[in-house]
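> Sequence and computational prediction follow.
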Amino acid sequence: MRNVLDIENVSKSYKLGKNDVPVLNDINLTINEGEFAAIMGPSGSGKSTLMNLIGCLDRPTSGKIFITGMDISKLSDIELARIRGKKIGFVFQTFNLIPRLSAQKNVEMPMVYQDVPGNTREKRAKQLLEMLGLGERARHKPPELSGGQRQRVAIARALANEPEIILADEPTGNLDSKTGREIMQIFDKLHVDGKTILMVTHDAELARNCDRIIRLKDGMIENG
């Protein structure tokens, strides 16, 4: 089975005045293609920092990160943006949709940045929204949609460029329990279809749906 993500001896610290504040300490982690893994840990354990590194939003202080065999640790900002747009799909707790754009235009946005032709963008966005049960809501704007529908739009957007990894940061955190279960059923189906998913969650019940639970504490992996 192919490794989609390899993290080797990664540490991350931030400057606070003249001091270096360590956040991650010597992280080693491998995620296989098609795996559904949960990242858990208390606030301040380094979950968000780890997700930012995997998502090409930040660079490690030391160590290496490989996505499908490519070392992203030393790439330029432009190269990182290209990899992020093509290989990573993001799903956020707060949806992060553009309020003035329709559901379909929100789904098309990642493809715009990858220079996908307009007709192809429109066709794929419609297909994704229909797959997620939102075909009839494609022209509605986010304020006209429920929380669950907005998260479905966000999932469709994450899938737009057929990414290697889906990063989901507390994807049910702003939803009621029933809607949250419905969103998790979507992730379960994506997993069955072979998608690789990394999900940050505080919810132990949701984490039990995953193949593996990776626990962070004080910037280090406790298990996983």
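Thanks, I have it. Residues are numbered from 1 along each chain as shown.

> where exactly do the strands run in the chain?
Using DSSP state E, the strands assigned to the chain run over residues 3-16, 19-32, 36-40, 62-67, 70-71, 88-92, 165-169, 197-200, 212-217, 220-223.

> Least confident of those strands, on average?
Lowest mean pLDDT within those: strand 220-223, a mean of 88.

> Outside of that strand itself, list whatever touches it.
With C-beta atoms under 8 Å, 6 or more residues apart in numbering as the test, strand 220-223 has contacts from 24-29, 41, 46, 213-216. C-beta: built from backbone N, CA, C; applies to glycine.

> of all the strands of the chain, which lies closest to residue 130?
With C-beta to C-beta as the criterion, residue 130 lies closest to strand 88-92 of the strands of the chain, at 18.0 Å.

> Identify the residues contacting that closest one?
For strand 88-92, contacts defined as C-beta under 8 Å, 6+ apart pick out 54-56, 67, 96, 110, 151, 154-155, 157-161, 163-171.

> Keep only those of those that are in helices.
54, 110, 151, 154-155, 157-159 (DSSP state H).

> show me the contacts for the residue positioned nearest the centre of the chain.
Closest to where the C-alpha atoms of the chain average out (C-alpha atoms, centre = their mean) is residue 167, at 1.5 Å. Contacts here follow C-beta under 8 Å, 6+ apart; on that basis residue 167 touches 51, 54-55, 88-91, 198-199.

> Leaving out the residues flanking it, which one is nearest to residue 135?
residue 129 (5.6 Å; C-beta to C-beta, 6 or more residues apart in numbering).

> Check residue 50 too.
Per C-beta to C-beta, 6+ apart, closest to residue 50 is residue 24, 6.2 Å.

> for the residue nearest to the centre of the chain, which residues make a bridge with it?
When bridges are called by DSSP bridges, residue 167 pairs up with residue 90, residue 198.

> And it, how far from residue 5?
Distance of residue 167 to residue 5, given as C-beta to C-beta, to the nearest Å: 10 Å.

> which residues are in contact with both of the two?
54, 198.

> Count the residues that sit near the residue nearest to residue 135.
Residues lying near residue 129 (other C-beta atoms under 10 Å) number 24.

> which ones are touching residue 202?
40, 170, 173.

> Excluding chain neighbours, what is closest to the first one?
Leaving aside its chain neighbours, residue 40 sits nearest to residue 215 (5.3 Å; criterion: C-beta to C-beta, 6+ apart).

> how deep is the one you found tucked in, by neighbour count?
Here the number of neighbours of residue 215 (other C-beta under 10 Å) works out to 17.

> In terms of secondary structure, what does the longest helix seen in the chain contact?
Counting residues, the longest helix found in the chain (DSSP H) is helix 177-192. Packing partners of helix 177-192 (3 or more C-beta pairs under 8 Å, 6 or more residues apart in numbering; DSSP states H and E): strand 36-40, helix 147-159, strand 197-200.

> Dump these to a markdown table, plus mean neighbour count and distance to residue 72.
Shown next, in a markdown table, are those (neighbours: other C-beta atoms under 10 Å; distance: least, C-beta to C-beta, whole Å):
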| stretch | mean neighbour count | distance to residue 72 |
| --- | --- | --- |
| strand 36-40 | 23 | 18 |
| helix 147-159 | 24 | 19 |
| strand 197-200 | 24 | 15 |
